[in-house]
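Novice: Here is a sequence with its predicted model. Questions after.
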Amino acid sequence: MGFRNAFVALLITLLSLTFSPRVAAQAVWAVEKTFHIGGDGGWDYVTLDAKTRRLYVPRSTHTMVIDAESGETVADIPGQKHNHGVALVPDAGRGFISDGDGAIVIFDLKTNGVLGTVAAQPDADGIIFDKASGLVLVVSGDNGVLMSLKPDANPGTATIDPSIDLGGKPEFLASDGAGKVYINLVDKNEVAVVDIKARKVIARWPVAPGGAPVGMSIDIKNRRLFIGCRNPQKLIVMSTDDGKVLADLPIGAGVDATRFDGSQALASCRDGKLEVAGESAPGKLEILQTVATPVGARTMDVDAEMHKVFLATAEFEEPKPQSTGRPIAKPGTFMIVVVTRH
């Protein structure tokens, strides 16, 4: 009888763990499929158009347009020198590519043809479309400024608006849809809060205990920022009301992007970890799951309605003994990895 009671107690314990909210949450995300795309060049920020099911992936000197369902290459937009990201403005029928060589490339969303190139400050990097102001926003890492451009500007004669000095090296940005934009300053370990209408920085919020903030996304409803930090390696959850750090969660190495899928935050890390964060109890934020992904899958975008994540990576050469540099991608092995929430 003693053995039977012990066995029953153990079984009850295991069942309670299996069906606890935290353990159940750990099983919902999984790699669904991988598209082997190929093509030349590196890669940076991935942008999804959820309505047209198109993925836009900068590949250094060209931007690939990929069907998110089949993995087929729909188009390849040429004419860049060191691209970083893509912003989409469907109402204007245009897309905008940030080129680190000092340009913003404008293209047609229907034909994928290049409409023109607008001169920008060097190291044009993170780029978004801010619906509240109706402006395409681009940060210059080297010059530490925020640039803006009207999406309906004449591609042949357009110029960027007077830049906003940020007082640090920006990486990525997010808008609250109500006139404020939040920008990671990677060298200052802080977030710059910009009032777009006033065109000035109105607050600076430290990301400690995180550092070297790069990834940035926002939960507008609950007024939270999700900031991916590389050193120390943290996912910082910050209030957009006052910059208070609500949680600092451990993540993998080499984070580059964070996204919010409507209920959970995700951080993609170069070391092959997709970290999933959410509430394990009301107001209690934790890492709920770590999804194993291929090494190098550091940039992504998310379909919040279908709960799918699209990550970019490639196959890598074996590191040489005592090598301290980044892994080298094998030519022609670029791929898109699709992770789905079940």
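Specialist: Cool, got the structure.
Novice: any chance you could map the strands in the stretch 101-250 of the chain?
Specialist: 103-108, 114-119, 124-130, 135-140, 145-149, 164-165, 170-175, 180-185, 190-195, 200-206, 213-219, 224-230, 233-239, 245-250 (DSSP state E, counting those that start in this stretch).
Novice: by contact count, what packs against the second one?
Specialist: The criterion is 3 or more C-beta pairs under 8 Å, 6 or more residues apart in numbering; DSSP states H and E, and the helices and strands that strand 114-119 contacts are strand 103-108. Backbone N, C-alpha and C define where each C-beta goes, glycine included.
Novice: And the strand it packs on, what's buried?
Specialist: 103-107 (16 or more other C-beta atoms under 10 Å).
Novice: With distance to residue 262 and mean pLDDT as extra columns, can I get the strands of the stretch 101-250 of the chain in CSV?
Specialist: CSV is the format used below for the strands of the stretch 101-250 of the chain (distance: least, C-beta to C-beta, whole Å; pLDDT from 0 to 100):
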stretch, distance to residue 262, mean pLDDT
strand 103-108, 29, 98
strand 114-119, 33, 97
strand 124-130, 18, 98
strand 135-140, 23, 98
strand 145-149, 27, 98
strand 164-165, 30, 98
strand 170-175, 15, 98
strand 180-185, 19, 98
strand 190-195, 22, 98
strand 200-206, 24, 98
strand 213-219, 8, 98
strand 224-230, 13, 98
strand 233-239, 16, 98
strand 245-250, 18, 98
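Novice: could you dump the ones you listed to CSV with distance to residue 286?
Specialist: Converted to CSV, those look like this (distance: least, C-beta to C-beta, whole Å):
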stretch, distance to residue 286
strand 103-108, 39
strand 114-119, 43
strand 124-130, 28
strand 135-140, 31
strand 145-149, 33
strand 164-165, 36
strand 170-175, 22
strand 180-185, 23
strand 190-195, 22
strand 200-206, 22
strand 213-219, 16
strand 224-230, 13
strand 233-239, 10
strand 245-250, 7
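Novice: how about the ones you listed, which one is nearest residue 259?
Specialist: Distance to residue 259, taken as C-beta to C-beta, is lowest for strand 213-219 among these, at 5.0 Å.
Novice: for the closest one, the distance to its chain's centre please.
Specialist: 7 Å (C-alpha atoms, centre = their mean, to the nearest Å).
Novice: now what about that strand, what contacts it?
Specialist: For strand 213-219, contacts defined as C-beta atoms under 8 Å, 6 or more residues apart in numbering pick out 126, 171-176, 182-186, 189-191, 207, 224-230, 236, 240, 255-260, 265, 267-268.
Novice: Render the CA-only coordinates of stretch 184-195 in PDB, please.
Specialist: Extracted in PDB, the C-alpha atoms of stretch 184-195 (Å, rounded to 0.1, in the frame of the first residue of the first chain):
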ATOM      1  CA  ASN A 184      17.100  52.200 -29.100                       C
ATOM      2  CA  LEU A 185      20.400  54.000 -28.600                       C
ATOM      3  CA  VAL A 186      22.900  51.100 -28.600                       C
ATOM      4  CA  ASP A 187      25.900  53.100 -27.400                       C
ATOM      5  CA  LYS A 188      24.100  54.900 -24.600                       C
ATOM      6  CA  ASN A 189      22.200  51.900 -23.200                       C
ATOM      7  CA  GLU A 190      18.900  53.900 -23.300                       C
ATOM      8  CA  VAL A 191      15.700  54.500 -25.200                       C
ATOM      9  CA  ALA A 192      15.200  58.000 -26.700                       C
ATOM     10  CA  VAL A 193      11.500  59.100 -26.700                       C
ATOM     11  CA  VAL A 194      10.700  61.300 -29.700                       C
ATOM     12  CA  ASP A 195       7.700  63.600 -30.000                       C
END
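Novice: buried ones in it?
Specialist: Buried, per 16+ other C-beta under 10 Å, within stretch 184-195: 184-186, 188-194.
Novice: circling back to that earlier point, out of the strands of the stretch 101-250 of the chain, nearest to residue 320?
Specialist: Nearest of the strands of the stretch 101-250 of the chain (C-beta to C-beta): strand 224-230, 23.5 Å.
Novice: Show me the contact partners of the closest one.
Specialist: With contacts defined as C-beta under 8 Å, 6+ apart, strand 224-230 is touched by 174, 182, 184, 191, 207, 210-219, 235-240, 246, 251, 253-260, 265, 267, 277.
Novice: Just checking: what are the partner strands of that strand?
Specialist: Here strand 224-230 is paired, per DSSP bridges, with strand 213-219 (antiparallel), strand 233-239 (antiparallel).
Novice: What is the burial count for the closest residue to residue 28 other than its chain neighbours?
Specialist: Spatial nearest neighbour of residue 28, chain neighbours left out: residue 341 (5.1 Å); criterion: C-beta to C-beta, 6 or more residues apart in numbering. Neighbour count for residue 341, taken as other C-beta atoms under 10 Å: 20.
Novice: next one: residue 46
Specialist: Residue 46: 24 neighbours (other C-beta under 10 Å).
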